[in-house]
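Trainee: Kindly return the folded structure for what I paste below:
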Amino acid sequence: MASETIRRVALIGGGVIGAGWAARFLLNGLDVVMFDLDPEAERKVATVLDSARVAWAALYPGLLPAEGRLSFAGSIAEAVKGAGFVQESLPEREDLKRRVLAELDALLPPEVVIGSSTSGLLPTSLQSDMAHPERLVVGHPFNPVYLLPLVEICGGARTSDAAKAAAAELYERIGMQVLHVRKEIDGFIADRLLEAVWREGLWLINDGIATTAELDDAIRFGAGLRWSFMGTFLTYRLAGGEAGMRHFLDQFGPALKLPWTKLEAPELTDSLADRIAVQSDEQADGVSIRDLERLRDKALVSVLQGLRATDVGAGATLERHMQQLRRALPEPVSAPVDEAAPLRLHRAAVLPEWIDYNGHMTEHRYLQVFGDATDALLGYIGAGADYVAGGHSFYTVETHIRHLQEVKLGVPLTVETQVIGGDAKRLHVFHSLFAAANGDPLATAEQMLLHVDNAASRAVPAQGDVLARLDRLRLAQAGLAPPEGAGRSIGARSSAPASESSRG
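Mentor: A predicted model of the protein is given here:
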């Protein structure tokens with residue numbers, strides 16, 4: 001089944017991984033039906049979904065489609081009815097997975113692909129009881145599924161190339177980075193690397209060399225930073241200097257003969273388990289699991305956004321997915337819009353990450369909201385992602401923001417945009433930010449944009465339909481009164497309400 005035709009996904013298993021899958025599918029606009037025997041499943045999934053909404057609102061501001069609908073089924077048969085794809089995320093028990101996968105196989109049309117979230121069981125074994133084994137693929141994600149983009153795809157001996165391609169297409173559609181595992185192997189690729197670090201860490205604790213906190217510090221302050229954008233082998237290539245990897249291997253290869261590592265895990269005795277648990281409790285220092293999850297998500301969003309700025313690693317995957325979401329946004333020009341009035345093209349809500357030490361929306365978030373409103377306007381006139389890909393874009397060359405009222409956490413926002421001038425090369429706009437609930441004015445931004453030929457790096461007239469739509473909009477709004485505050489610079493108004501002096 002083609003990825004773009006899939007609108008409904010069935011999830012079998014609603015634990016940590018299943019809930020993460022639910023969030024990722026739902027936030028990409030797909031309906032999800034879940035089956036799980038845990039009576040607490042709905043509550044647990046709702047908690048994960050709440051966290052994912054906060055993270056995605058920060059990661060994809062203004063780009064998310066309407067959220068899909070989540071429902072819970074009373075049986076596997078009910079869950080998979082009408083599903084275009086099934087993701088199984090049951091506990092790592094081969095007998096359980098084989099039994100349920102065979103049941104799914106009997107219920108579904110042959111063209112529906114089934115993905116298994118197994119972290120190490122071989123797909124050839126998992127598909128052995130299926131009448132249509134060609135449809136079974138491993139789709140192994142990483143926690144939290146809604147933020148980490150990696151998914152390993154591995155087929156069994158009887159998995160078809162078409163099934164692997166269909167799964168990859170759907171996973172990429174929801175913003176994931178597919179890693180094809182060429183050959184079946186226990187643990188696949190990523191977990192085998194993680195297992196090596198984990199086993200060595202257990203030895204270092206067992207031998208009294210380091211604590212859990214010290215081991216985590218060794219990763220997060222050192223290699224972990226490099227791994228997020230360059231991995232291991234490219235990092236070591238740089239360590240070889242101008243001569244590259246060959247020189248690195250010649251220089252450090254002999255160290256492989258030294259007894260630096262103990263890849264065979266130590267026996268996990270009660271004493272060692274207790275020591276690890278005590279050290280982990282000390283390391284957490286009373287912070288709850290939920291608070292640690294929130295910290296993890298905020299940190300991951302920051303890392304992903306930072307990597308996106310350099311278009312490397314998971315940041316490149318994020319940017320690709322953002323472009324997909326932009327292209328999928330409905331064309332505003334098809335909506336009933338009164339162009340003779342200020343346009344309402346952008347909405348947002350004040351997120352926890354937007355709040356400063358005073359409990360108000362911090363300054364740079366105003367610029368973000370107004371920048372997103374400008375992007376919405378450009379999309380409205382046809383100067384969106386496809387136009388940029390064609391070599392032209394509008395560049396903001398000047399912005400003047402006024403803060404009228406303090407804005408607090410959770411406030412829904414809406415922006416009105418008025419075109420107040422310009423020509424074929426220039427676009428002069430004025431944004432007014434309001435509280436969506438009561439219409440209170442919160443801030444304004446006046447911006448001047450230049451239309452640029454990206455290859456030539458110079459201002460040129462806008463192209464074709466974009467220029468026609470812009471001229472039409474300018475003409476429609478020419479009769480509007482100039483918005484209050486337009487044309488003013490700092491200190492240029494005769495009087496100002498006290499709230500305008502607030503940092504916000």
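Trainee: Contacts only, for the nearest residue to Gly84 once chain neighbours are set aside.
Mentor: In this structure, Gly84 finds its nearest non-sequential neighbour in Ile6, 3.5 Å apart by Cβ to Cβ, 6 or more residues apart in numbering. Using the backbone N, CA and C atoms, a C-beta is placed for each residue, glycine as well. Listed by Cβ atoms under 8 Å, 6 or more residues apart in numbering, the contact set of Ile6 reads Leu30, Gly84, Phe85, Leu170.
Trainee: if you look at the residues you listed, which of them are in strands?
Mentor: Phe85 (DSSP state E).
Trainee: which one of the contacts of Ile6 sits closest to Leu96?
Mentor: Phe85 (20.8 Å; Cβ to Cβ).
Trainee: Let me know the secondary structure of the residue most central in space within the chain.
Mentor: Nearest to the mean C-alpha position of the chain, by Cα atoms, centre = their mean, lies Leu147 at 5.1 Å. With DSSP: H, G, I helix; E, B strand; the rest coil as the basis, Leu147 sits in coil.
Trainee: What residues sit buried inside the helix or strand hosting Leu225?
Mentor: Assigned by DSSP states H and E, Leu225 belongs to helix 224-230. Across helix 224-230, burial judged by 16 or more other Cβ atoms under 10 Å covers Ser228, Phe229.
Trainee: what's in contact with it?
Mentor: Contacts for helix 224-230 (Cβ under 8 Å, 6+ apart): Thr235, Leu238, Val303, Leu307, Thr310, Val312, Gly313, Ala314, Gly315.
Trainee: Run a quick neighbour tally on the last one.
Mentor: Gly315 is surrounded by 20 other residues when neighbours are defined as other Cβ atoms under 10 Å.
Trainee: With the third one instead?
Mentor: Burial of Val303, expressed as a neighbour count using other Cβ under 10 Å, amounts to 17.
Trainee: do you know how far it is from Val80?
Mentor: 36 Å (Cβ to Cβ, to the nearest Å).
Trainee: Which parts of the stretch 251-400 of the chain are strands?
Mentor: 343-349, 392-403 (DSSP state E, counting those that start in this stretch).
Trainee: Pairing partners for the last one, with directions?
Mentor: What it means is strand 392-403. Partners of strand 392-403 in the sheet, by DSSP bridges, are strand 441-453 (antiparallel).
Trainee: Does Ala455 fall in a helix, a strand, or a coil region?
Mentor: coil.
Trainee: Does it touch Gly390 like I think?
Mentor: No. Look at Ala455 against Gly390 with Cβ atoms under 8 Å: they stay out of range, at 10.6 Å.
Trainee: and the lengthiest helix in the chain, what's its mean pLDDT?
Mentor: The longest helix of the chain (DSSP state H) is helix 289-310. Mean per-residue pLDDT for helix 289-310: 89.
Trainee: Give the buried residues for that helix.
Mentor: Buried, per 16+ other Cβ under 10 Å, within helix 289-310: Glu293, Arg294, Asp297, Leu300, Val301, Val303, Leu304, Leu307, Arg308.
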